[in-house]
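**Q** sequence and computational prediction follow.
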Amino acid sequence: MRRRPSPALSAVRPATTVAVADARRRGPHAVVSWAIALVLAAAPAFAQTTAADADDPLRRPLARDTTRSATRTTPSKLAPGLRGGIDPSQPVAPAADPLARPDDTLTTSPAVDTDPLALEPIGRPATPAAASTGTTARAPGAPAATGSGTRLDTITGRPLVLAPTGAPRGPVDPVARTGTVRNGGPTATEPAIQPRPRDLLAAEREEGRTADDTYAPLGLRTGGFTWLPAVEAATGWTSNLQGRVGGTPAALWRINPELVGRSDWSRHSLQIELRGGYSANFVDHDYDKPTFQGVVRGRVDLGDQTRMDLRAGWSHDRQSSSSLDNPAGTVVPATVDTKTASVGLTRDVGLLALTLRGDVERADYSGGTTTSGAALGADVQNNTRGTAALRAAWGSAGSLRPFAEVQVSKRDYDDALVSGSPRDSTGAAIKAGLLADLGPTLRGEVSTGFGVERPDRGTLPDMSGWLLDGALVWSPTRLTVVRLDAKTSFEPTTLATTSGATVRTVGVTVDHALRRDLVASAGVVLTDKRYADLSLRENDVVLSSGLTYKIDRNVHTFVKGSLQRFTSSNAGSDYGTATIMVGVRLQR
């Protein structure tokens, strides 16, 4: 390859040529003298050219290979003169054959669209005149483009296409970016995509995640609260209005307003739930039934590992007409107002969580009439029950956590004697259960154990038995939600020969979305009531089903039906009830 003459040699060539011509005319001695002068004049220029060749890695194959390796591994250490081989406004051309051999010429080509963030090649700067005019130029020692007019990067050997300054830029093939860096320096390497681990349960958990409900209410925001108001109105028919043996059918209507408020604070939380209802008929208004249930739940974060849980509630309902506590000739059973309050303190110590909780429950009985119009005198059942509990749970949050709990309780009646016997009692219970916190797939708790409530004085028998309590929500798929509710309680009674009954209730409800706007539901509720020291047992089974059509977020229509079957060991107490309701739900 012919080497381009050094600029220093070009500068001394005219003077030395004239001097040699004069020396030839003056004789041999003069020629020798002028030859020595020529060597002395050319020596500095030759030394400068040799030094430039030694310092330029592109003129030495070994140094060029070393520079190429350094460029691929540590581009940030390159000299500023080697970064950005073309003008920053010039584009990078699509990649050509990487095996093409360079020629000895450098030719510019028309502009191509490249990315504004296109990467600049590493190499010697191009001659400004060649980059702007499109003429053939020759960088000292730099290989040129192929005969097709494509410039090759001196480091990577990949062809580049130059464009005039200010040319527009568009997308570029990622292959053309190989061996280049962005304007202003190198960028961090993106992490490689790791293969997904083999998890046999991943698909099931993915299906269990609840998708966003397009028809869910948006609510009303006021300050740090979101309020969800709603009201249901329905009309229908029942085969047993009184809910007892010999009941009559009747048409009825219901209205159920509700209001739910939730806080969205960064710390602490507060939730308010208010639900009411009024059921009326067109035959006998003595059996119109108002209901109400209100609950306030709060959480106070005392620290990263300590919290306080607060709860207060009030419910208003009517006793069942088939209850044995109702005296003979009862027309309208008594109503029950139940007020509850709870305070719990939880402390996390590593994987161990300790909870100390105190509960208070107040039951007030009132109203009710007999066939003669006399009052039932149900207020003799008024009582207050206090409970203290200590729970220890093991495990980390977001998993299944076993726990154990012990309880002690005390029940006090307003009247010293009820049906001729003292009813105050003391109780205790021990439970073992499981806390589930797996997100939308499974959440809640369930426990079982043994409990007893023993009268403090008198000869009445103890109330005792195995316990089943809990509330679980399971979503096996995005379309299906299964709810489990279980509760065991000791209910007092006014019967003279027993202290009360152990009542166990278990309910299972399944909701399945046939479509996003159509949900089918089915459920069953089983209640078992056994009186202490009596061969008296009552069972209640309720089957329910429904279909809900969601018109939009604010309007839903539904049809619901239920079948109830009540059986008792007391002869002549069995009855059944069928009910069907059609209505609409308005929500915001």
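**A** Everything's here; your move.
**Q** phi, psi of residue 286?
**A** Phi and psi for residue 286, reported as degrees, to the nearest 10, are phi -60, psi -20.
**Q** so where is this structure shaky, pLDDT-wise?
**A** 1-212 (pLDDT under 70).
**Q** helices of that one, start to end?
**A** Taking DSSP state H, the helices of the chain run over residues 7-26, 28-55, 61-73, 128-133, 202-208.
**Q** domain ranges for this protein?
**A** 7-55, 87-180, 220-587 (automatic domain parsing).
**Q** compute the first-to-last residue distance for the longest one.
**A** Just to be clear, that refers to domain 220-587. End-to-end distance of domain 220-587 (CA to CA, to the nearest Å): 11 Å.
**Q** ok, residue 215 to residue 559 distance?
**A** 17 Å (CB to CB, to the nearest Å). Where C-beta positions appear, they are placed from N, C-alpha and C, glycine not excepted.
**Q** so for the two, which sits in the more crowded spot?
**A** residue 215 (18 against 15; other CB atoms under 10 Å).
**Q** how much space separates the closest residue to the more buried one other than its chain neighbours from residue 582?
**A** Nearest residue to residue 215 in three dimensions, chain neighbours excluded: residue 550, at 4.0 Å (CB to CB, 6 or more residues apart in numbering). Look at residue 550 and residue 582: by CB to CB, they are 16 Å apart.
**Q** hang on, the earlier thing: residues touching the residue nearest to residue 215, list them.
**A** 215, 516-519, 556 (CB atoms under 8 Å, 6 or more residues apart in numbering).
**Q** buried only: go through those residues for me.
**A** 215, 519, 556 (16 or more other CB atoms under 10 Å).
**Q** just those now: which is nearest residue 242?
**A** Using CB to CB, residue 556 comes nearest to residue 242 of the buried ones among the contacts of residue 550, at 30.8 Å.
**Q** residues contacting residue 288?
**A** 278-281.
**Q** over to residue 421?
**A** With CB under 8 Å, 6+ apart, residue 421 has these contacts: 455, 458-460, 496.
**Q** so which of those is the most crowded?
**A** Most surrounded of these: other CB under 10 Å gives residue 460, at 22 neighbours.
**Q** what's the neighbour count on the closest residue to that one other than its chain neighbours?
**A** The spatially closest residue to residue 460, leaving aside those adjacent along the chain, is residue 499, at 4.1 Å (CB to CB, 6+ apart). For residue 499, the count of nearby residues is 26 (other CB under 10 Å).
**Q** residue 499 is in contact with residue 492, isn't it?
**A** Yes. Using CB atoms under 8 Å, residue 499 is in contact with residue 492, at 7.1 Å.
**Q** ok, residue 307 - contacts?
**A** With CB under 8 Å, 6+ apart, residue 307 has these contacts: 299-301, 345-346.
**Q** one more: residue 284?
**A** Residues in contact with residue 284 (CB under 8 Å, 6+ apart) are 241, 250.
**Q** follow-up on the earlier one: just the contacts of residue 421: which are in strands?
**A** residue 455 (DSSP state E).
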